[in-house]
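Visitor: Fold the stuff below for me.
(4 chains)
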Number of protein chains: 4
Amino acid sequence: MSRIPNSLCSLSDYEIEAKRHLPPDLWAYISGSSMDGLTKQRNTSAYDQCLLQSRVLVEGLGQGSCQTQLFGQSLKYPLLIAPLAYQRLVHPMGEIATVQAALAQGVGFCLSTLSSTSIEAVADAASESCRWFQLYCQPDLSDTLHLINRAELAGYQALIVTVDAPFNGVRHDEQRAGFRLPSDVCAVNLNHLPKLREGDSVFECWMKTAPTWKTITSILEHTQLPVLLKGIMHPEDALNAVDLGVRGIVVSNHGGRVLDTQPASLEVLPLMRQVLPKGFPILVDGGIRRGSDVFKAIALGADAVLLGRYVLYALAVAGPLGVAHVLRVLRDEFEATMALCGCARVSDISTVCLYDFPRAFSNKGR
Amino acid sequence: MSRIPNSLCSLSDYEIEAKRHLPPDLWAYISGSSMDGLTKQRNTSAYDQCLLQSRVLVEGLGQGSCQTQLFGQSLKYPLLIAPLAYQRLVHPMGEIATVQAALAQGVGFCLSTLSSTSIEAVADAASESCRWFQLYCQPDLSDTLHLINRAELAGYQALIVTVDAPFNGVRHDEQRAGFRLPSDVCAVNLNHLPKLREGDSVFECWMKTAPTWKTITSILEHTQLPVLLKGIMHPEDALNAVDLGVRGIVVSNHGGRVLDTQPASLEVLPLMRQVLPKGFPILVDGGIRRGSDVFKAIALGADAVLLGRYVLYALAVAGPLGVAHVLRVLRDEFEATMALCGCARVSDISTVCLYDFPRAFSNKGR
Amino acid sequence: MSRIPNSLCSLSDYEIEAKRHLPPDLWAYISGSSMDGLTKQRNTSAYDQCLLQSRVLVEGLGQGSCQTQLFGQSLKYPLLIAPLAYQRLVHPMGEIATVQAALAQGVGFCLSTLSSTSIEAVADAASESCRWFQLYCQPDLSDTLHLINRAELAGYQALIVTVDAPFNGVRHDEQRAGFRLPSDVCAVNLNHLPKLREGDSVFECWMKTAPTWKTITSILEHTQLPVLLKGIMHPEDALNAVDLGVRGIVVSNHGGRVLDTQPASLEVLPLMRQVLPKGFPILVDGGIRRGSDVFKAIALGADAVLLGRYVLYALAVAGPLGVAHVLRVLRDEFEATMALCGCARVSDISTVCLYDFPRAFSNKGR
Amino acid sequence: MSRIPNSLCSLSDYEIEAKRHLPPDLWAYISGSSMDGLTKQRNTSAYDQCLLQSRVLVEGLGQGSCQTQLFGQSLKYPLLIAPLAYQRLVHPMGEIATVQAALAQGVGFCLSTLSSTSIEAVADAASESCRWFQLYCQPDLSDTLHLINRAELAGYQALIVTVDAPFNGVRHDEQRAGFRLPSDVCAVNLNHLPKLREGDSVFECWMKTAPTWKTITSILEHTQLPVLLKGIMHPEDALNAVDLGVRGIVVSNHGGRVLDTQPASLEVLPLMRQVLPKGFPILVDGGIRRGSDVFKAIALGADAVLLGRYVLYALAVAGPLGVAHVLRVLRDEFEATMALCGCARVSDISTVCLYDFPRAFSNKGR
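Guide: All right, here's what the predicted structure looks like:
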């Protein structure tokens, strides 16, 4: 696609088009969720139910800007592309397309351990990019540390360790659709590693080699990069992370893909902000489809957001151009929301910009 | 249409018929809303969830009346036609039809800056009408003041300055439908003015020339007409307006057309009434489809309401007769509601006429 | 229909069948409601949301009974057929069929002022019945009193004065469907009376001749029959009625046919019970479709319920047999609910039989 | 069916497939519920609205287990198959298939009084099974005691007396579908007993012979087996049971089959846990479709759950293999939920594992 048609104006438009475009099994894999999809749905409806407080006639908005800083790097607006496995499933350029779109639009990029393009190739394709490496801990710690070494060498600027998915979770959508990786797409970064054996049960198989807090300590001792944990939903887990020296967290329920009937990530955010040290970086993902959603996440305490499935929808529908477009649409909507809520800077965004907070929010989604 | 058929009994009937009648792109432009239309929907459901308290056997209703006074003018019932751009899009008579229907039915009329008929022509067509001029502030203050001069000369009796739409907002319905103004309809009042350039971003383009409180001060210094601000949703903005000498406000989220996921205008009304000086005129728009909705707005603190999209639906379906019919239907429903709630005068309408207020209302819409 | 088929088990089955059976305009008239039908819907959902508290292994239920006493008369269970206009519209036997079914099933019957069979003919057809006369006050008081005289002479045992419908309300369903009374059905009791003129507005026409508290005083002075007021939704109106000597009230919003967006009648019931003198008869109608709904109304303070539209549905579908069947179905369901909630007598039914009352109920429907 | 296809991943898949597979009258009988099915629906939605609190990086989950003990017996996870009448209706092996699947999967089995296979034959087919006998009290106490004797002789390890269904309840689904038992399926355990006569009313017929607390006392005096009561929804009934020497209760509304508009069984559970003695066994049924639902029931105070309709769906669709599969799916989901909520033992599961308990739960379902 060399030009984005009028009919693609919003992220939801890409979702609809991707569903038409992709084979059903691949659609099931990408769009799917754990069990009955209630948390995936709740992630979105939490944003819809969070109300904005508009302001009028504010001075100084002509000098407004939605730039932000994160770990010393500048982003055009507070967003990174979430780590997404196997991007070559939906487009031959895969992760290369995505990182280049991120660079062009001035947002960050997270490369998945399960990427279909190597750590090094992605770095080469966008050497100026803000890029983080997402780490799935491997059964053997030395394999994990080796992946970190590769990311450091390739100039990744942070590590984001996913801790909420010691196994895949109960994902019936893809099971029913019979999804399997095609032969030409694989986790190239892990090619040399042994396959995990499939055991008799969750406890006996997966949990025997699942990472624990000790694994995190080993990682922190091994690397100078800032380490973030992704998938924190309990304040005590967040505080524990701070104590160990973790530099940031991503409040996330893995987009509802691992354990269903969790609360929305947005619901958990205000308490996280409240208990964590002032200035400690909090990111959030899950359910974001609008620039106004980015605004709401910031208002409730996030420093930035990660965008997941919609990146793949855009990549599937319109390649790198689609990804860039989606990133631009979100920024325009974010900027419009800032202006209409009277915020000239990202740092002006707070709970004051939400209608009837905290009363409204304390009942949200129930 | 020379006679209204039985099937058109309520404002919703006109909406359904207008959708059938209008070309899709025009329908998208008129009925559309910002982003996902949640605020448009909430504007309506807020009225549906606000419950009436009926009374029986009340004496004196045979002498009842729904007349009211606003800025010294008498209205048959407390309603004005909202400022609506480009009315010739849906009917060749455009604003002329609408102002004449308003005059015939004894309600007020607001002319949009973006009208497709000139300030002067509308005044000539209905010189006895209660008519206000709605002002979109122009990038150059002198152009704004010149518009005010024209409205004063043409006998408009109040100025209603829209402050919640420094730009169009995110309107995907009309973008998807590919709506563009046809060549024979334009903002005739602005014909001599330079086009705004489209810039790279909201901040860099639109907000550079957006009105601020200083603009309002300039307007107040320039005119003797009462000035109202339209689009206020925050009590502090309302109090600021009072301090500057503004004479009334319209609680409004622009019918959900500018910024989505705002609260319903009705939800915000009780707090506005509470914080503003006794007797300070408050109007409200958004979501009104029934005479009982007018009653509820008055009960929660409004002095009058503005009616928007439904006027265009009626104009599209049945021309001036349709507009007059819609205005009459609303009045009949309003009068019936007054009688059944035991109110002989508009001034009898208060929160006492609502069921279980304030408890019920404090949870409304959630 | 000489035998009720298996497919008609519940009142809802009759509703579905009646919709299939009746001409659309007649269906619109009978099933229709004011404006958008929100109160009609809420009447029903209030029952659905009111939860029962079951009890087990209770002694003495083998001697249970659902009989009750009302104004000295015995009913097999606490229900009367509501006053329903023009019953010959749906079946040639009209009110005769209905009163005979009521007699056979041991419940009460209210004859409408607007009946299509005369006061006297109904009395003759079921002289042993428990029958009340419903009174619409006529513009001329002497006409009203004459109707009362006829009812007294014909052995009606109570008067039930409808006070919530000084005019028809806003009923668009029947207007859209173009419903008109056929030539062979009319308000035979009013044949000799002048037609009300249709005036320019609610206040100027209908409210000039609407009944007031003075009218009620005149009626009370004129008759020895117990007088009940039907259509009370405000506690002050109820207390006023008691003060004047009224002997009972019907908590009712006229089945949602007169003023939309009122609360459900069931919602208002507990407060009525709380403010009215102990033992003062309270009836309720609106939304009852199940014997468990009768139970809930009793639990929240009613002495008996009125059943309205469903009687007409049954009459339309299966004549007198259908009405008798519907009355029996309700009784069986009522009895089953009593047994499963551990109540051997109607007087055992109280709020204790509801789950989580009052907390649950105070939020009901919101 | 000799192999479970990919399309059957979850219990809901079996429900959909069973509906396709079974004749409509049989489907109506099995899936049906009392009146409008609101309690059946609420049973399920209560689980959906109960939210999980995930934990990450917990040590020791590699040694996790979901085993539990109940009345001295070990279960692979805390579940029993509920007593289900007439299982040969859906599969020729009937109860034999089900008990063998339960044995194979290490869960408990309850045999219904109304089983289509005899008490003794079921025992013979799975002599090592954990099996309980469900008792419907017969009109004649000696018949009841004789059933108990047979269950004791056949090695059943507990009695579970159903107390919430003195009669069938109002079940219109099966009535409308015209369901009748086929000639080759019957309640074989009751073949020698007289048929209950059908009387004129609930009180006069069914309640005359319904069990009372005295019946329970007689049963307790007669047997050494632990006796549980099934169908308790009121804390006072539960406390009464404890006082009499009952050894456990099943919080249940009979899957919504007897009395509609009761609360969900899950809603009632926390209060039961609170009022009953520490360690007193509480089971629960109704609405469970996911292993995460089993987890939630345990978290809110249950010691184990009963699984009902879904067992029949699986039996209908895929025979004993289907039942075993469903039991395994639930266990896998339960184990996954335990691992993701950081619980290594069933005894680690508590309200702490639920999000925002008790505040969230106190508003659940309303």
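
Visitor: The longest helix seen in chain A and chain B, any residue contact?
Guide: Identified as the longest helix of chain A according to DSSP state H is helix A:309-340. Yes - contact of helix A:309-340 with chain B (CB under 8 Å from any CB of the partner chain) involves A:Asp332, A:Glu333, A:Glu335, A:Ala336, A:Thr337, A:Met338, A:Ala339, A:Leu340. From N, CA and C alone the C-beta is placed, and that goes for glycine too.

Visitor: And what about the nearest residue to A:Gly256 once chain neighbours are set aside, helix, strand or coil?
Guide: Leaving aside its sequence neighbours, A:Gly256 sits nearest to A:Lys40 (CB to CB, 6 or more residues apart in numbering or on different chains; 3.2 Å). With DSSP: H, G, I helix; E, B strand; the rest coil as the basis, A:Lys40 sits in helix.

Visitor: And A:Lys40, how far from B:Thr215?
Guide: Distance, A:Lys40 to B:Thr215, by CB to CB, to the nearest Å: 45 Å.

Visitor: So which of these two has more stuff around it?
Guide: A:Lys40 (23 against 17; other CB atoms under 10 Å in any protein chain shown).

Visitor: hang on, the more buried one packs against A:Gly255?
Guide: Yes - A:Lys40 is within contact range of A:Gly255, at 6.4 Å (criterion: CB atoms under 8 Å).

Visitor: Common neighbours of those two, please.
Guide: Shared contacts of A:Lys40 and A:Gly255, defined by CB atoms under 8 Å, 6 or more residues apart in numbering or on different chains, are found at A:Ser33, A:Gly286.

Visitor: Show me what the longest helix of chain A is packed against.
Guide: Here helix A:309-340 touches helix A:11-21, helix A:24-31, strand A:79-81, helix A:95-105, helix A:291-299, strand A:304-307, going by 3 or more CB pairs under 8 Å, 6 or more residues apart in numbering or on different chains; DSSP states H and E.

Visitor: Next, format the residues of helix A:309-340 next to chain B as JSON lines and append neighbour count, pLDDT and distance to C:Ile349.
Guide: Shown next, in JSON lines, are those (neighbours: other CB atoms under 10 Å in any protein chain shown; pLDDT from 0 to 100; distance: CB to CB, whole Å):
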{"residue": "A:Asp332", "neighbour count": "16", "pLDDT": "96", "distance to C:Ile349": "61"}
{"residue": "A:Glu333", "neighbour count": "25", "pLDDT": "97", "distance to C:Ile349": "56"}
{"residue": "A:Glu335", "neighbour count": "23", "pLDDT": "97", "distance to C:Ile349": "62"}
{"residue": "A:Ala336", "neighbour count": "27", "pLDDT": "97", "distance to C:Ile349": "58"}
{"residue": "A:Thr337", "neighbour count": "31", "pLDDT": "98", "distance to C:Ile349": "54"}
{"residue": "A:Met338", "neighbour count": "29", "pLDDT": "98", "distance to C:Ile349": "59"}
{"residue": "A:Ala339", "neighbour count": "26", "pLDDT": "97", "distance to C:Ile349": "60"}
{"residue": "A:Leu340", "neighbour count": "32", "pLDDT": "98", "distance to C:Ile349": "55"}
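
Visitor: A:Gln134 should be in a helix, yeah?
Guide: No - assessed with three-state DSSP, A:Gln134 is strand; it does not lie in a helix.

Visitor: Spell out which residues sit in contact with the closest residue in space to it that isn't next to it in sequence, please.
Guide: Nearest residue to A:Gln134 in three dimensions, chain neighbours excluded: A:Pro83, at 3.3 Å (CB to CB, 6+ apart). Residues near A:Pro83 by CB under 8 Å, 6+ apart: A:Cys110, A:Leu111, A:Ser112, A:Thr113, A:Gln134, A:Ile160, A:Thr162, A:Lys230.

Visitor: And the third one, how far from B:Ser129?
Guide: Taking CB to CB as the criterion, A:Ser112 is separated from B:Ser129 by 65 Å.

Visitor: do the first one as well
Guide: Between A:Cys110 and B:Ser129 the computed distance is 61 Å (CB to CB).

Visitor: and the helices and strands packed on helix A:309-340 as CSV, adding mean pLDDT?
Guide: Compiled in CSV, the helices and strands packed on helix A:309-340 are given as follows (pLDDT from 0 to 100):
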stretch, mean pLDDT
helix A:11-21, 97
helix A:24-31, 96
strand A:79-81, 98
helix A:95-105, 98
helix A:291-299, 98
strand A:304-307, 98
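
Visitor: among these, which is nearest chain C?
Guide: Chain C lies closest to helix A:291-299 among those, at 25.0 Å (CB to the nearest CB).

Visitor: Give me the buried positions along the closest one.
Guide: A:Gly291, A:Ser292, A:Asp293, A:Val294, A:Phe295, A:Lys296, A:Ala297, A:Ile298, A:Ala299 (16 or more other CB atoms under 10 Å in any protein chain shown).

Visitor: cool, stretch A:241-256 as well?
Guide: A:Ala241, A:Val246, A:Arg247, A:Gly248, A:Ile249, A:Val250, A:Val251, A:Ser252, A:Asn253, A:His254, A:Gly255, A:Gly256.

Visitor: With only the CA atoms kept, save that stretch in CSV.
Guide: Extracted in CSV, the C-alpha atoms of stretch A:241-256 (Å, rounded to 0.1, in the frame of the first residue of the first chain):
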residue,chain,number,x,y,z
ALA,A,241,11.1,-4.5,42.1
VAL,A,242,12.1,-1.1,43.4
ASP,A,243,13.9,-2.6,46.3
LEU,A,244,16.0,-4.8,44.1
GLY,A,245,17.1,-2.0,41.9
VAL,A,246,14.7,-2.3,39.0
ARG,A,247,14.5,1.0,37.1
GLY,A,248,10.9,0.9,35.9
ILE,A,249,7.8,-1.2,35.6
VAL,A,250,5.2,-1.8,32.9
VAL,A,251,1.7,-2.2,34.5
SER,A,252,0.3,-4.8,32.2
ASN,A,253,-1.9,-7.9,32.0
HIS,A,254,-0.2,-8.9,28.8
GLY,A,255,-3.1,-7.5,26.8
GLY,A,256,-5.4,-10.1,28.4
